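> the following comprises the amino acid sequence and a computationally predicted model.
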Protein chains: 2
Amino acid sequence: MAAELSFGERAKLCQNEAGRRVLEVMEQKKSCLSFNPDVTTAAEILESVAQVGEHVCMVKTHMDVVEDFSQDLVDKLQKMSEELNFVIFEDRKFADIGNTAKLQYKHGHTSISSWSHVTNAHCIAGPGTIKALKEVGLAENPKRGLLLVAQMSSEGTLADGGEYSKACVKQAYDHEDFVFGFVAQQRLTDHPGFVTLTPGVQLKAGGDGLGQQYNTPESVMAKGADIIQVGRGILNAPDRKATAAEYRKQSWEAYEARIGK
Amino acid sequence: MAAELSFGERAKLCQNEAGRRVLEVMEQKKSCLSFNPDVTTAAEILESVAQVGEHVCMVKTHMDVVEDFSQDLVDKLQKMSEELNFVIFEDRKFADIGNTAKLQYKHGHTSISSWSHVTNAHCIAGPGTIKALKEVGLAENPKRGLLLVAQMSSEGTLADGGEYSKACVKQAYDHEDFVFGFVAQQRLTDHPGFVTLTPGVQLKAGGDGLGQQYNTPESVMAKGADIIQVGRGILNAPDRKATAAEYRKQSWEAYEARIGK
């Protein structure tokens, strides 16, 4: 088997500009870590991102749970993303027909397309969702990109790596100028331009009582993850910065081992 | 085959209070029509609902696309729902793991659990999503209920009536105290306490260029729909009120024919 390409080499093979930036940031910062501040106030988001931003390649948000969401929050987060060099990923999981997804991406209180570098969608409604999001995203800014939720980490998920996941990969190949990867539990395709993000990661394996199942950084990197998504594992740690550094170290070392460095 | 029960009789067999109210309103108003004002301002929602509210059993919203969403909009819509006797259904299509869905239902700018009688979820993440939404919804108000998106109308959908849809039905049976039916293209179970809502309905069959595919009221009622969901077919009509009356008439007559009246 040929040695796996580095993130920097893979950036050149990615057809989407946001995806290229993600891979470049990973190479520059030596980080496979996405931090998910799943909290409900702007102050908590900004505080936690300030604490861990230096260690991450990506910050993943759920702005629809933030009580005091405002343009000011978005402006501050974008400024931090430039200063600390990370990509912003609104984890919206669009899951409606094209016409509705289009409205949801562009309009409404959070107006996601105006500020989030990256967002994601389920493949459930068919390729019309991707087409519609692409229409909005690339018109707004050629640096927008999309991830597809091809496989989930929760108990009893119907996106379990089988036919459903294969159909998602097919949808991605058909829209490589906008889709640059997958949210999945393992690598689903050999195409080096596609990035694999794996949620449900903690330093210790286990569950949350609401169906979420956790794996360790090392085990998910071994299955082909490029980015590990960590929320509560960092948020609830006594020392968030040191904990983020630990997740970064463990995942980067697993990556280096994988590419044979 | 035994004659199909009426909506009024089925209300007694529904285990969820919001679901019972839906079936009762349908019987009282002789309406199988849900109106979907997929517009981006509060004024347009209120104006269109005022025009057609007398004809509908349900108003289905996408509050995340409304630019000027506010508590005032929700208060006015709830007042109309009492005066004109319809149920409010926020079509959020929750599609994340339990912990996130819980935050999305309760928190954030639109705070859905505080005002929407009914909402819906995809089954993709597994039963943890339903459990989490139920925890929030029934604690907020015992009159909250959930629909599961078991089958979609868009081109290339992966929720196409096969194994995926069967797994959704299973999830519904396991949570009958909260889940009272399905968004689907046809009846998926004989349980008379479950309601089937069918989107993608227009007076003429066709498509929208973004993957949506339309069927007529008569054809979807014949496949077991209880409620037809109509958005653009009414919104874009020159006379919305008369058009809503026509959808109501066609679907109610198809229902009466089905139950042998």
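Nice, thanks for sending it over.

> where does the stretch 51-200 of chain A dip in pLDDT?
For the stretch 51-200 of chain A, applying pLDDT under 70 flags no range at all.

> what about the helices in it?
A:71-83, A:98-106, A:128-140, A:163-173 (DSSP state H, counting those that start in this stretch).

> and residue A:199, what does it touch?
Contact analysis of residue A:199 by C-beta atoms under 8 Å, 6 or more residues apart in numbering or on different chains lists A:36, A:152-153, A:183, A:229. (Glycine included, C-beta is placed from N, CA and C.)

> how about the residues you listed, which pair is most distant?
Of all pairs drawn from the contacts of residue A:199, the greatest distance, 14.7 Å, lies between A:36 and A:152 (C-beta to C-beta).

> neighbour-wise, which of those two wins?
Using other C-beta atoms under 10 Å in any protein chain shown, the more surrounded residue of residue A:36 and residue A:152 is residue A:152, with 31 against 24.

> can you count the residues close to the closest residue to that one other than its chain neighbours?
Closest residue in space to residue A:152, ignoring its immediate chain neighbours: residue A:159 at 4.8 Å, by C-beta to C-beta, 6 or more residues apart in numbering or on different chains. Residues lying near residue A:159 (other C-beta under 10 Å) number 29.

> can I assume residue A:159 is in contact with residue A:148?
No: in this structure residue A:159 lies outside contact range of residue A:148 using C-beta atoms under 8 Å: 10.0 Å.

> joint contacts of the two?
Counting by C-beta under 8 Å, 6+ apart, the shared contacts of residue A:159 and residue A:148 are A:122, A:168.

> sorry, back to before: ok, so of the contacts of residue A:199, who is nearest chain B?
The shortest approach to chain B among the contacts of residue A:199 belongs to residue A:152, at 5.4 Å (C-beta to the nearest C-beta).

> give the contact list for the closest one.
A:159-160, A:183, A:185, A:199, B:97, B:124-126 are the contacts of residue A:152 under C-beta under 8 Å, 6+ apart.

> what does residue A:169 give?
Residue A:169 neighbours (C-beta under 8 Å, 6+ apart): A:150, A:182, A:188-189.

> try it again at 7 Å.
A:150, A:188-189 (C-beta atoms under 7 Å, 6 or more residues apart in numbering or on different chains).

> just to revisit the earlier point, take the contacts of residue A:199 and keep only those in strands.
Judged by DSSP state E, these include A:183, A:229 as members of strands.

> with distance to residue B:141 as added columns, please give the contacts of residue A:199 in JSON lines.
Compiled in JSON lines, the contacts of residue A:199 are given as follows (distance: C-beta to C-beta, whole Å):
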{"residue": "A:36", "distance to residue B:141": "30"}
{"residue": "A:152", "distance to residue B:141": "29"}
{"residue": "A:153", "distance to residue B:141": "31"}
{"residue": "A:183", "distance to residue B:141": "33"}
{"residue": "A:229", "distance to residue B:141": "33"}
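
> what about stretch A:91-100, near chain B?
Yes: on the criterion C-beta under 7 Å from any C-beta of the partner chain, stretch A:91-100 is in touch with chain B at A:93, A:95-100.

> and the two most separated of these?
A:93 and A:99 (17.6 Å).

> so for these two, which sits in the more crowded spot?
Counted by other C-beta under 10 Å, residue A:93 and residue A:99 do not tie: residue A:93 has more neighbours, with 26 against 20.
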